[in-house]
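> Provide a 3D model corresponding to the input given below.
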Amino acid sequence: MKGRRYNIFIAGTAVFFMLATINLFSQEIAGQSDTMIDEDILQAEKDAVLWLKAMITPNEIVQNPVPLRRRFMLSYHIPKDDPVYPYIYSRSFIYDNALGAIAFTMVGEYRYAERVLGAMQRNIRKDGSFFFTYNTNNIWPNEDDHEGAMVRTGAIAWAGYAATFYLGVRLQENEHFIKEDHLAQNFLAMAEKIAGFMLRNQVQDPKDKRYGLVTGGWGMYTLILQNETGEPAEVYTDSQVTWISMEHNIDSYFFLRDLHRITGKREYIDSAQLIKGGLVRLWNEQDGQLVRGIKGDGKIDSALPLDGASWASMFLSSIGEAEKAQRCLLTIQDKFSSYYEGIQGYRPYYAETVYEDKMVNAHYFPENPVKRWKDLEIIWVEGSLGVAAAYLKAVNLEEAYEIVKAMLPLHIDGGFRYATQIVPYQFTVHPSVASTAWFVITVEIMKNNQINTLFWGK
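Numbering: from 1, shown residues only. As a prediction, this is how the structure comes out:
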């Protein structure tokens, strides 16, 4: 679940060109133009792009970033008087950088996309992975000092997808772009290095329930209640992550599939097809969505997150499972709809307790020790915009438009809040790159059929 990253304590070109012209929208949606979208949405998008640019270091927050981390994006805009400021103000999540690069590419701000992609390229590890998050004001984590650092396959897949998406857009303008552009060649090399990491972390044993899916990465934090103080604290485990995440594998599927469309290399589409088969097996017929994943011991992780319906709907649409994709949308409205001061949006989970540890849950909610997400009137902005994107893929422009418009009151000086309620260790109310970039991405999918085709298309 993405909210858990907010932790205040942890320190063949021609083939692609042809396929990218497939029209996914009906004539009604394909005919949309900027003039048919409210001016306040268009203005909010312009403000969001400016806000995203301002989050690239160096900026007024981190004026002298470590040279290696220069051009990374700060993930949150934290007020200096907030207690979390010292821990979070310079933090840059690799997932957020990927989203930022995609958003810049969509609006034609190629120079900014290249700056962010270049920063990722400078920080890629020898095995093709990235650390989950980076400080920009100092060199943690690095190969000599990464105690407490995590590696997450989903975020790494997004980094690869950002490079692949950028190349796909540029190839539509010039089919010789990669051959003629040195930066493009570097970004393709980065994407292929990331793909190598994915392939090495894909479960290859057909007898394993995780067969075909990629494992989660390295390092874990567990939130517990300390016996000595009675306060929550996170305990870090420095070991390989053996569970698989539905979300990580959706990310990896689209990355490897589209990288194959650029390179024509068979190993990428073969890997993507294995992931596709594994994801289909995660379908929960009773609840009408994908489950969260499979644990290392082979047991199904039966939790039902929002992205198991929203991102799953986009994935299922892309592989021709229209009926299941529609069921996911029904599930979203039935279980994940939430309200905040009259605004309708979506919560990250429904039936699960807010904190998995019973004692921690009771600590934060003594009046209701088994409090569940459905009991919280919280809107997760990034997740809500993912729902809007799912509706666009399902050719339901009206519903998507209403969701996007509903998010407008939740932006501050151009940046969109991460959520409408603080949930310690999970969600903040401050503006975030993730929410803001997803706003731009969703509006561009709505405006531009070419973008809709390229981004998580068929």
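
> Helices of the stretch 301-450 of the chain, start to end?
310-318, 322-331, 358-364, 381-393, 397-406, 433-447, 449-454 (DSSP state H, counting those that start in this stretch).

> Report the separation between Asp238 and Lys179.
Distance, Asp238 to Lys179, using C-beta to C-beta, to the nearest Å: 43 Å. The C-beta positions use only the backbone N, C-alpha and C, and glycine is treated the same way.

> scratch that, Phe439
Applying C-beta to C-beta to Phe439 and Lys179 gives a distance of 34 Å.

> So what touches stretch 37-57?
34, 60, 65, 69-75, 77, 92, 100, 103-104, 107, 109, 112, 115-116, 136, 401, 404-405, 408, 411, 413-416, 431, 433, 436-437, 439-440, 443-444, 446-447 (C-beta atoms under 8 Å, 6 or more residues apart in numbering).

> let's go with 7 Å and repeat that
34, 65, 69-74, 100, 103, 107, 109, 112, 115-116, 136, 404-405, 408, 411, 413-416, 433, 436-437, 439-440, 443, 446-447 (C-beta atoms under 7 Å, 6 or more residues apart in numbering).

> Ok, stretch 248-261 next?
12, 15-16, 19, 153-154, 157-158, 160-161, 164, 168, 191, 195, 198, 213-214, 216, 268-269, 271-272, 275-276, 278-279, 311-312, 315, 456.

> let's go with 6 Å and repeat that
15-16, 19, 153-154, 157-158, 160-161, 164, 191, 195, 198, 213-214, 268-269, 271-272, 275-276, 279, 311, 315, 456 (C-beta atoms under 6 Å, 6 or more residues apart in numbering).

> before we move on, what about stretch 262-282?
12, 15-16, 167, 195, 199, 202, 212-213, 246, 249, 252-253, 256-257, 259-260, 290-291.

> Filter these down to just the ones in helices.
15-16, 167, 195, 199, 246, 249, 252-253, 256-257, 259-260 (DSSP state H).

> Which members of these define the maximum pairwise distance?
Maximum pairwise distance among these (C-beta to C-beta): 28.2 Å, between Val15 and Met246.

> Of the two, give the one with the bigger neighbour count.
Met246 (26 against 13; other C-beta atoms under 10 Å).

> Isn't that one up against Ile294?
No: using C-beta atoms under 6 Å, Met246 makes no contact with Ile294, being 8.7 Å away.

> list the contacts for Ser432?
So Ser432 contacts Tyr76, Tyr418 (C-beta under 6 Å, 6+ apart).

> distance of it from Gly414?
Applying C-beta to C-beta to Ser432 and Gly414 gives a distance of 12 Å.

> same question, Leu68
Going from Leu68 to Gly414 by C-beta to C-beta gives 28 Å.

> Among the two, which residue is more densely surrounded?
Neighbours were counted for Leu68 and for Gly414 using other C-beta under 10 Å; Gly414 has more, 22 against 13.

> which residue sits closest to the more buried one in space, ignoring its chain neighbours?
Among residues not flanking Gly414 along the chain, Trp51 sits closest, at 3.3 Å (C-beta to C-beta, 6 or more residues apart in numbering).

> and what of Leu256?
Ranked by C-beta to C-beta, 6+ apart and with sequence neighbours excluded, the top spatial neighbour of Leu256 is Ala272, at 4.1 Å.
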